[in-house]
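Colleague: Any chance you can model this:
(4 chains)
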Amino acid sequence: MHVRIRLFAAHREAAGQDDYVADLPAGTRAHDVPRLLEARFPGLSAAAPSFAYAVNRKQVPADTELRDGDELALLPPLAGG
Amino acid sequence: MHVRIRLFAAHREAAGQDDYVADLPAGTRAHDVPRLLEARFPGLSAAAPSFAYAVNRKQVPADTELRDGDELALLPPLAGG
Amino acid sequence: MRLLALTRDPLDEPGLAAAVARPSSGAVVTFVGRVRDHAPGHAVEYLEYEAYPEMVDAVFGEIADETRERFAIDEVGIHHRCGRLAVGEASVVIAVAAAHRGPAFEACRYVIEQIKLRAPIWKKEVGPQGAVWVDTRP
Amino acid sequence: MRLLALTRDPLDEPGLAAAVARPSSGAVVTFVGRVRDHAPGHAVEYLEYEAYPEMVDAVFGEIADETRERFAIDEVGIHHRCGRLAVGEASVVIAVAAAHRGPAFEACRYVIEQIKLRAPIWKKEVGPQGAVWVDTRP
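Modeller: Reported below is the predicted structural model:
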């Protein structure tokens, strides 16, 4: 299935891109994605404990199962305001 | 002794003036003044329970003894802000 | 710009906010008191603010000194208007700058509460039913 | 003026304060977050704010709706900036208008706390020691 991945801040800089369509196995959960994309974007797996996850622009639990066509954002610690 | 009296709000309007030099007996205390000036400014005595008193621009206890040359303000309930 | 003022002129809220901010200020909290179109039980057309100006200056100075002592702030400004004010006009502007937002909020709230308790200022509400000097005692 | 916005342009604090006020508003409380010249342990030359814009719009809408439900206010506005900001520039402006000052202060504080908890926004501090993405976790 295809999932659109959004990267931000240090991860966007390291990846050199902020937007990537990943081909993921059916049944993938949000918290599996950093490990699955580690080869493509080194550093994601090590950063995984600090990520929050948003699916289709809503924060969701880390074990949320993804569906084809979802947009998954890997959110590093927030610093707005 | 001479004490400068300052009047505000409804009392200033009723008196038609905001500033009056009163000749008061030695030993007069702040809370005596509404009664002493009742003849000159009707309504002051009835309003006395609602006054706070300032001498020389500082709020003081109602029984503060006045001195010659003091400025006594009769402060109706405050409504700033 | 003077940080503490009682004036008959319209208040300059952004000017006061700018006057209190320092390069170290991460937060500026501003309170504006405005003339409402209503009071409990009746409409309001305009207000007449009256003050004891010499004592207002002294009280604003005391409140500002206390606020700087009690809260970790960079600066505080207080401008209060007197005279006739229409609905929607600002009667008071308080601006507080601080490194962090907590003290900025707390100090700004402290200042307006102290003004209401201590500043020798009065207001007359004028509406269709006539004019009344406001007495907010419970 | 839109009440909720994420923008690369300088923020208009008095404009937002004016946009939230109604004739019934006796109080307007404004919070401005500014770029400080220092962070714990080092100087700051400028900040780079980055956002997830589509989600910021959704989160600001949720926060504004919650704020209107929880507090007796007339209106709330939130403007947040992204891109490069110099020391002294405003990164966020929150304006809340209410009949009375208590809810105006409380709602304004609620909004900034919720933004810090929930808005998908990040900032890189750039100073003499280099650049670092801010992580405020304890």
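
Colleague: what's the nearest residue to whatever residue of chain A ends up closest to chain D if we skip its chain neighbours?
Modeller: For chain A and chain D, the shortest gap (C-beta to the nearest C-beta) falls at A:Gly80, measuring 3.2 Å. To be clear about C-beta, it is placed using only N, CA and C from the backbone, and glycine gets the same treatment. Computed as C-beta to C-beta, 6 or more residues apart in numbering or on different chains, the closest residue to A:Gly80 that is not its neighbour in sequence is D:Ile121, at 3.2 Å.

Colleague: Likewise for C:Ser25?
Modeller: C:Ser25 sits nearest to C:Ala97 (C-beta to C-beta, 6+ apart), 3.9 Å away.

Colleague: Pairing partners for the one you found in the sheet, please.
Modeller: C:Val28, C:Glu75 (DSSP bridges).

Colleague: That one: what's it in contact with?
Modeller: C:Ala17, C:Val20, C:Ala21, C:Arg22, C:Ser25, C:Ala27, C:Val28, C:Ile73, C:Asp74, C:Glu75, C:Val76, C:Ala104 (C-beta atoms under 8 Å, 6 or more residues apart in numbering or on different chains).

Colleague: Kindly recompute the last result at 6 Å.
Modeller: C:Val20, C:Ala21, C:Ser25, C:Val28, C:Asp74, C:Glu75 (C-beta atoms under 6 Å, 6 or more residues apart in numbering or on different chains).

Colleague: what ranges do the helices span in chain C?
Modeller: Ranges of helices within chain C are C:13-20, C:53-70, C:101-118, based on DSSP state H.

Colleague: The closest residue to chain B within chain C: how many residues sit nearby?
Modeller: Residue nearest to chain B within chain C: C:Ile121 (3.1 Å; C-beta to the nearest C-beta). When neighbours are defined as other C-beta atoms under 10 Å in any protein chain shown, C:Ile121 has 27 of them.

Colleague: Tell me what it is bridged to.
Modeller: C:Ala51.

Colleague: residue nearest the centroid of chain C?
Modeller: Central residue of chain C (C-alpha atoms, centre = their mean): C:Val92, 3.0 Å from the mean position.

Colleague: Hmm, that residue is touching C:Cys82, no?
Modeller: No - look at C:Val92 against C:Cys82 with C-beta atoms under 6 Å: they stay out of range, at 10.4 Å.

Colleague: The host helix or strand of A:Leu72 - contacts with which helices or strands?
Modeller: For A:Leu72, the host element (DSSP states H and E) is strand A:71-75. Counting by 3 or more C-beta pairs under 6 Å, 6 or more residues apart in numbering or on different chains; DSSP states H and E, the packing neighbours recorded for strand A:71-75 are strand A:2-6, strand A:52-55.

Colleague: let's go with 10 Å and repeat that
Modeller: Counting contacts by 3 or more C-beta pairs under 10 Å, 6 or more residues apart in numbering or on different chains; DSSP states H and E, strand A:71-75 is packed against strand A:2-6, helix A:9-15, strand A:19-23, helix A:33-36, strand A:52-55, strand A:58-60, helix D:53-70.

Colleague: strand partners of that strand, parallel vs antiparallel please.
Modeller: strand A:2-6 (parallel), strand A:52-55 (antiparallel).

Colleague: Highest mean neighbour count out of these?
Modeller: Among the strands paired with strand A:71-75, strand A:52-55 has the highest mean neighbour count (mean count of other C-beta atoms under 10 Å in any protein chain shown), at a mean of 20.

Colleague: average pLDDT across it?
Modeller: On average, the pLDDT along strand A:52-55 is 98.

Colleague: I'd like the distance from that strand to the chain centre, please.
Modeller: 7 Å (C-alpha atoms, centre = their mean, to the nearest Å).

Colleague: what's the answer for stretch A:4-22, then?
Modeller: Here stretch A:4-22 is found 8 Å from its chain centre; the criterion is C-alpha atoms, centre = their mean.

Colleague: how about the residues of chain A near chain C?
Modeller: Neighbours of chain C within chain A, by C-beta under 10 Å from any C-beta of the partner chain: A:Gly81.

Colleague: how about the residues of chain A near chain D?
Modeller: A:6-13, A:18, A:50, A:52, A:54, A:56-59, A:71, A:73, A:75-81.

Colleague: again, 8 Å this time
Modeller: Within reach of chain D by C-beta under 8 Å from any C-beta of the partner chain, chain A has these residues: A:6, A:8-10, A:12, A:50, A:54, A:57-59, A:73, A:75-81.

Colleague: Which of the residues you listed are buried? Put it as a PyMOL command.
Modeller: Of the residues of chain A next to chain D, the buried ones can be selected in PyMOL as follows, counting by 16 or more other C-beta atoms under 10 Å in any protein chain shown:
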select buried, chain A and resi 6+8+9+10+12+54+57+73+75+76+78+79+80+81
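
Colleague: ok, back up a step: for the strand holding A:Leu72, what is the average pLDDT?
Modeller: 98.

Colleague: Only the buried residues of stretch C:27-41, if you could.
Modeller: By 16+ other C-beta under 10 Å, the buried positions in stretch C:27-41 come out as C:Ala27, C:Val28, C:Val29, C:Thr30, C:Phe31, C:Val32, C:Gly33, C:Arg34, C:Val35, C:Arg36, C:Asp37.

Colleague: how long is it from one end to the other?
Modeller: One end of stretch C:27-41 sits 38 Å from the other (C-alpha to C-alpha, to the nearest Å).

Colleague: For it, what is the distance to the chain centroid?
Modeller: How far stretch C:27-41 lies from its chain's middle: 9 Å, per C-alpha atoms, centre = their mean.

Colleague: Which residue is the nearest non-sequential neighbour of residue 5?
Modeller: You didn't say which chain, so I picked chain A. A:Tyr20 (4.6 Å).

Colleague: that answer is for a different chain, and I need it for chain C
Modeller: That would be C:His79: by C-beta to C-beta, 6+ apart, it lies 4.9 Å from C:Ala5.

Colleague: what does A:Ala48 give?
Modeller: A:Pro34 (3.9 Å).

Colleague: Okay, that neighbour and chain C: tell me how far apart.
Modeller: The spacing between A:Pro34 and chain C, counted by C-beta to the nearest C-beta, to the nearest Å, is 32 Å.

Colleague: Could you report the neighbour count for that residue?
Modeller: The burial count for A:Pro34: 21, using other C-beta under 10 Å.
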